[in-house]
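A.B. asks: no sequence for this one, just the structure:
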C-alpha cells in the first residue's frame, strides 16, 4: 500500500494569493494513498525541507508530491531532500501550481480548482513511480583524436596538458594538415609554418601523445567513457622505429615523376618520400602505386642506401585495438573538385589555379621556391584575376549551398601579398559580397583596397578563355558600372569552396554521430553546445563541423579538449536513470526502435528464452544501453508491441496523468 | 508597378527571382551583353521590383539569343533566360495594343508578302 | 444529452521538457493569462507522446489535446519533433476517419523563449474547442462525470 505525502507551498503570497492552499491540502488529503497533506510558507527553505524529511521518516512515506513552483526550479532540491531522508529521489513528483497556475490565473475559485487537479495528477503519477538508481559507468582515461591538422594537434596538446593520454590518428604520412600547406596567415600575415611546426614538434615530443600517422579508424564500438576503437596502420614499407628521416632514399630513388600532393601536384616527388622538411613523424613512406620494387620487383635502391635498414618491402597493414573514454573528431576540409566548372577553364589551362595551389606557388618551400611564376611557362604574371565564390553559395548540384567563410579573407591576403612583393602586378578581385566578420578582418580588407590598390570589382566572372598567345581572356560583369569587362590576364585564381573530408561520412556512421546534408558534423546544440556531438563522448573540433578559419579552429579545438577533459576527469559517469528499457518477453525483434534512436543506444542481442514446454529458444530482442540512452522516448512510441518503455515517464504513468486530468 | 504583369511573368517563366544573390554571373557570361539595354541580371532584378513595362518596351527582349549560357552558369539556378522569354511573351501577348490598324495595311502591302501573313498579323495584333 | 450553458472544456497539453514546458513557465513568469481549462503534462520530448495517450484523453472525456514541442531543427534530442510531426499527421487521418473534429487536436511548436506565444496559443485553442462543444464521439460514457 502506498503512503504518499503531499506538501503544498505558499511561496509567500506567490501561490497563496490566488490559490487557496489550505483547501488544496485538504482536498489532496482525501486522495487514495495520501497519508499526510500539509501546507507551508516556503517549502524550499531549510525548515520546509526539514518538514518533508521528517514526514518521510515518521510516516514511512513511499512517495512525495510537492505542489510548488516549476520542477525546472526546485525538483532537484526536493529530490536531494528525499534522498537524505532515505527515500529514492525518483519517488518525488512536483505539481507546478505557481508558473502554471497561480501566476496566470486571477480568480481564486478556478485557480484553486486547477491546483487541486494538478496535485491530483501528480499523486496519480507518483502511485506508479518506481525507485530508479543512476547507473555508474567507468571512464577509460584516454582520448582519441581523429585527424592531425591544427585542430587535432591543438586538442591533443590540451588534453595531454591536463594529464591524460591521447592518440592522434592521421591518414597522411605526417600531421600538420592543411595549415602546413598554407604560406601566410591572415590578418597578421605571419608565416603558417613558423607557428604550426613548433606545435607539431611539441605534439611528437609530448610523452602523453601517441601519433598514429598513415593510419585510419577502422571500427568503433562502445559508448561514452568506454569506446573500443580499431585503428588500421597502413603499410608504409618503412620501419617507423628505425627510419631517421635523413632523406637519402628520397634523393636516390630513381622514380621521380610522382605528382607531389603536398604541392598540389604542381611539381614531382620520388616514389619514396617525406612530404615536407618539417614532417612529423619525419619518416619516409613508399608510394606503392609508383615504387618499381613493389610493382615489378626490380629496383631496391632505397633499401641499399638506407644505413638504418628501415626499408621493409614486405610490410603489411596492421591493426591495433585500443580503449578510449572520449573521441574528438577533427577530420577537417578539402577544396572541392572544380572539374565541373568548364567556364573557368580550370582543367584546360595550367595558369588557372585554385587558391590552395597559389599558396604553394607563393611558398618558399613550394615548387618555385617562393617566386610567383605562371605554372605554364614560368614567367612572372602581370595581371592576376581572383574569382570569389567558386562553388560556394550555389544552389545547384555542382557547388555547395553554404558560404565557405575563409575565401574573402585569404583572397585579400593573396592580393595584398602579391601587390607587396610585385608592385608591377595588377590584381583584380571579382566579388559578390565581401564578408569579413572577425577581429581586425575588415580593416585588413580595407588595407588591401586602400593601401595596396587591389581592384575590387562587384560582379562575377562568367567565362575564362585561354588564348593562343598564352594570355587568358576573363569575361566578367562589373555590376556597379553596369558593363561587361574583358580582362587580359596572365593568371586566374579560383576561390574554390571547401567541403568536409570524404572520410567524414563513413566515420560518422561508425561513431553514430549525425551529419547535415553537406556532410558537416552536427553539434549537439547550435548555440549552447557547439563542440559536442549529440552522441555522448564524441566531440567536434575544427572544420569538420563547419567552415572555419585558423583562430576559430584553434578556439574550437581547445573547447573540444576542455569538454573531453571534463569527461576524462571523472572516474565514472552517472547516467540519467530516466532511460528506455525493453521488456524482452514482449519484444519481437522488429528493429523499429533501433531505427528511430538518434543515439544508437539500441542494439539487438540473441537471447535464450525458456519456453513453456521446457525447451529453450533463441530470440532476437532489443537491448538498450543505459549509458548511451538520453531518454527522449522516441523508441517507446515506435515500438509496435509495447515492449519499450521509458523509466520516469512510463506509458502507465502518463496514462494515469491523463486520466487524473480528465476525471 | 503592375502586380498582375509581374505575377504573369513569374508564372509563365516558372522562375523564383528571389533566389538571385546578385552576383552578375549571368551578365558576365552573356554573349549579347553589348547589344542589350537591360542585361540579364537587370531583368531578374526588375522583375523582382515589378518594373516590367520598362522591360517590355526595351529592345533588349529581342536581343536575347536564348543561348541559355546564363541558365547554365547561374550558381543559384535562377534561369534568367526564362525571365527574358517570359517578358517577351508578355509583350507579344498584349491584348488591345492594336499594333496594326486596318488602315495601315495598304501602305505595308508588299507583292511578295503572302496573304496569310496579313491575316495572321491581324488576328495576332488586332483587338 | 443537454449541452451545458457555460461549457468549460477539459484540455490536456503535452509539453516537451526543454522548450514548451519552459515556454509555459515563462508565460507564468510574465503573468500572461490563459484559461484554466488547460492542464499541462510534462514529457521529455514531444516524441514521447504516444498517439494512444491522445486517444485515451478523448476516451476519458477530454475535449481537446494539444502537443507542444521544440521548433523543427531545435529538438533537444535532435530529431524527436520530426517523429512527432509525422505521427500526428498520421493520427489526423485516423481521427478524420473516426469523425473527430480536426481542431480538437493540435501540434504547436513553442520555444522556451515564446511565453507569449504559449499563452496566445492556449487562449486560441481553448476558444476553438469551446466553439466545437463537448467531445462526444470518442468519449467513453462510463467515464462521464455525474
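C.D. replies: Structure's in. What do you need? Model, not experiment: these values are computed from the prediction. Numbering: from 1, shown residues only, chains lettered A, B, ... in the order given.
A.B. asks: what's near enough to touch residue A:419?
C.D. replies: A:425, A:427, A:448, A:452, A:453, A:454 (C-beta atoms under 8 Å, 6 or more residues apart in numbering or on different chains). Just so you know, the C-beta spots here come from the backbone N, C-alpha and C atoms, and that holds for glycine as well.
A.B. asks: Give me the distance between the closest residue to residue A:234 other than its chain neighbours and residue A:248.
C.D. replies: Setting aside the residues directly before and after it, residue A:234 is nearest to residue A:214 in space (C-beta to C-beta, 6 or more residues apart in numbering or on different chains), at 5.0 Å. Separation of residue A:214 from residue A:248 (C-beta to C-beta, to the nearest Å) stands at 20 Å.
A.B. asks: So if I had to pick from the two, which one is more boxed in?
C.D. replies: residue A:214 (21 against 15; other C-beta atoms under 10 Å in any protein chain shown).
A.B. asks: Wait, the more buried one touches residue A:236, no?
C.D. replies: Yes. Assessed by C-beta atoms under 8 Å, residue A:214 is found in contact with residue A:236 at 5.1 Å.
A.B. asks: Residues that sit against both of the two, list them.
C.D. replies: Contacts common to residue A:214 and residue A:236, judged by C-beta under 8 Å, 6+ apart, are A:173, A:285.
A.B. asks: Residue A:456: how many residues sit nearby?
C.D. replies: Using other C-beta under 10 Å: residue A:456 sits among 18 other residues.
A.B. asks: for residue A:509, same thing?
C.D. replies: Counted with other C-beta under 10 Å, residue A:509 comes out at 12.
A.B. asks: what's the answer for residue B:4, then?
C.D. replies: 9.
A.B. asks: Against chain A, how distant is it?
C.D. replies: 28 Å (C-beta to the nearest C-beta, to the nearest Å).
A.B. asks: per-residue confidence at that residue?
C.D. replies: Residue B:4 is assigned a pLDDT of 88 by the prediction.
A.B. asks: likewise the one 10 residues further on?
C.D. replies: Residue B:14 is assigned a pLDDT of 93 by the prediction.
A.B. asks: So it sits against residue B:82, correct?
C.D. replies: Yes. Counting by C-beta under 8 Å, residue B:14 does reach residue B:82; the two are 6.6 Å apart.
A.B. asks: quick one: which of these two has more around it?
C.D. replies: More crowded of residue B:14 and residue B:82, by other C-beta under 10 Å: residue B:82, with 19 against 10.
A.B. asks: Now name the helix or strand holding that one.
C.D. replies: Under the criterion of DSSP states H and E, residue B:82 resides in helix B:80-92.
A.B. asks: for residue A:645, same thing?
C.D. replies: Residue A:645 belongs to strand A:644-646, assigned by DSSP H and E.
A.B. asks: looking at chain A, which helix or strand does the model trust least?
C.D. replies: Averaged element by element with mean pLDDT, DSSP states H and E, chain A has its least confident helix or strand at strand A:523-525 (a mean of 83).
A.B. asks: Provide the strand pairings for that one, with the direction of each partner.
C.D. replies: strand A:529-533 (antiparallel) (DSSP bridges).
A.B. asks: Show me how far the very next helix or strand once past the partner strand is from its chain's centre.
C.D. replies: Where DSSP H and E defines the elements, the next helix or strand beyond strand A:529-533 is strand A:538-540. Centroid separation between strand A:538-540 and its chain, computed with C-alpha atoms, centre = their mean, to the nearest Å, is 4 Å.
A.B. asks: is it true that residue A:320 lies in a strand?
C.D. replies: Yes. Under DSSP: H, G, I helix; E, B strand; the rest coil, residue A:320 sits within a strand.
A.B. asks: I'd assumed residue A:219 was in contact with it.
C.D. replies: No. Residue A:320 is not in contact with residue A:219 according to C-beta under 8 Å; the separation is 11.4 Å.
A.B. asks: I'm done for today, thanks for sticking with me.
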